[in-house]
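In: Here you go, sequence then predicted model.
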Amino acid sequence: MKFKPCISENDLPRSFPPQHQDVQPGIECEMVPRPIYDDPCYIGCGKLKNKVALITGGDSGIGRAVAVAYAKEGADVAISYLCEECDALETKACVEKYGATCRLYPGDIRSEKFCRQLVQCVVSDFGALDILVNNAGVQFPQPSIQEISPQQLCLTYEVNVFPLFYLSQEALCYMKEGSTIINTTSVTAYVGNDQLIDYSSTKGAVVSFTRTLSQTAIRQGVRVNGVAPGPIWTPLTVSSFSADYVATFGQETPMGRAGQPYELAPTYVYLACRDSSYVTGQVLHVNGGTMTES
């Protein structure tokens, strides 16, 4: 097999063409430039062999990069997504390229019924569930707290927080010792964001959820951890912010650029495999150098 050259720092964009998509969570295949989700220098070594992973929001962005890295490490992948069929099919093709099985499960994770049926379907289709990645989320920037409507507040919590409870409750009915739950939080949970008050508060809830669930889930041998990304070039970015904001997205970080999805994927691999066997209740920060207090 021929491998492409490794991606260097100079290959990564520090600015983006102004662009905006009107509907969340956004379509990756319409972004310019496309996010980088498959690191040609990442070669798996079987760290997740014979494992089954369920990734919410796995059709694009961070979730897609995680799905591809898991496939390289030998895991089969179940992808939950809302309705972005073209992105989901592209992710499925890439996962299968690396020899893994991939199944797609469209639906709305705001529904408790769907969440529970999703886990049950994955267990039925694959025979097990070893890794749950709670990754899907939405954000709706507003200039002040007065602009956050009750409808927006409810929607943000219904997508970013409630499904973690539904999915984790159901998953823990099937998970065995050595299984893991990984939750995507955000740098905004630690440093805030004056345009994302409701979103930041949901991500703070994810941190607390992660820490607390870890204390009970470990009784059955299941570890629970989180990842707190900084600004990452994903469809959520272009479907949330104005075109002008997108043009300089990520430049406020010490590294002076937004991260690419592939740069987070190894963190999710680490938390899912035996390398992190003594790690639970923790949040790992991948944010371009922003200082946070864990």
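Out: Thanks, I have the structure now. Numbers count the residues shown, from 1 in each chain.
In: So the residue positioned nearest the centre of the chain versus Pro25, what's the distance?
Out: Centroid-nearest residue in the chain: Asn135, 3.5 Å away (criterion: C-alpha atoms, centre = their mean). As for Asn135, its distance to Pro25 is 11 Å (criterion: C-beta to C-beta, to the nearest Å). All C-beta spots, glycine's among them, are computed from the backbone N, C-alpha and C.
In: before we move on, the earlier item: if I pick the residue nearest to the centre of the chain, what's in contact with it?
Out: By C-beta atoms under 8 Å, 6 or more residues apart in numbering, Asn135 lies in contact with Ile55, Thr56, Gly57, Gly58, Ile62, Gly63, Val66, Asn183, Thr184.
In: Let's see that with 6 Å instead.
Out: Asn135 makes contact with Ile55, Thr56, Gly57, Gly63, Thr184, according to C-beta atoms under 6 Å, 6 or more residues apart in numbering.
In: Spell out the secondary structure type for the spatially closest residue to the first one that is not a sequence neighbour.
Out: Yep, that's Ile55 we're talking about. Take Ile55 and drop its neighbours on the chain: the residue closest to it by C-beta to C-beta, 6 or more residues apart in numbering is Val133, 4.3 Å away. Taking DSSP: H, G, I helix; E, B strand; the rest coil as the rule, one finds Val133 in the strand state.
In: Quick check, pLDDT for Val133.
Out: As predicted, Val133 sits at a pLDDT of 98.
In: Over to Glu293?
Out: At Glu293, the pLDDT recorded in the model is 75.
In: Quick check: Trp233 touching Pro35?
Out: Yes. With contact defined as C-beta atoms under 6 Å, Trp233 and Pro35 form a contacting pair (4.9 Å).
In: So between these two, which is more surrounded?
Out: Taking neighbours as other C-beta atoms under 10 Å, Trp233 and Pro35 compare with Trp233 leading, 26 against 21.
In: Distance check, that one against Val32.
Out: Counting by C-beta to C-beta, the gap from Trp233 to Val32 is 11 Å.
In: for Thr216, same thing?
Out: From Thr216 to Val32 the distance is 45 Å (C-beta to C-beta).
In: what's the distance between Gln169 and Phe209?
Out: 12 Å.
In: likewise Leu12?
Out: From Leu12 over to Phe209 (counting by C-beta to C-beta), the distance is 32 Å.
In: So for these two, which sits in the more crowded spot?
Out: Neighbours per residue (other C-beta under 10 Å) separate Leu12 from Phe209, with Phe209 holding more: 20 against 16.
In: Surely that one is within a strand?
Out: No. According to three-state DSSP, Phe209 belongs to no strand; its state is helix.
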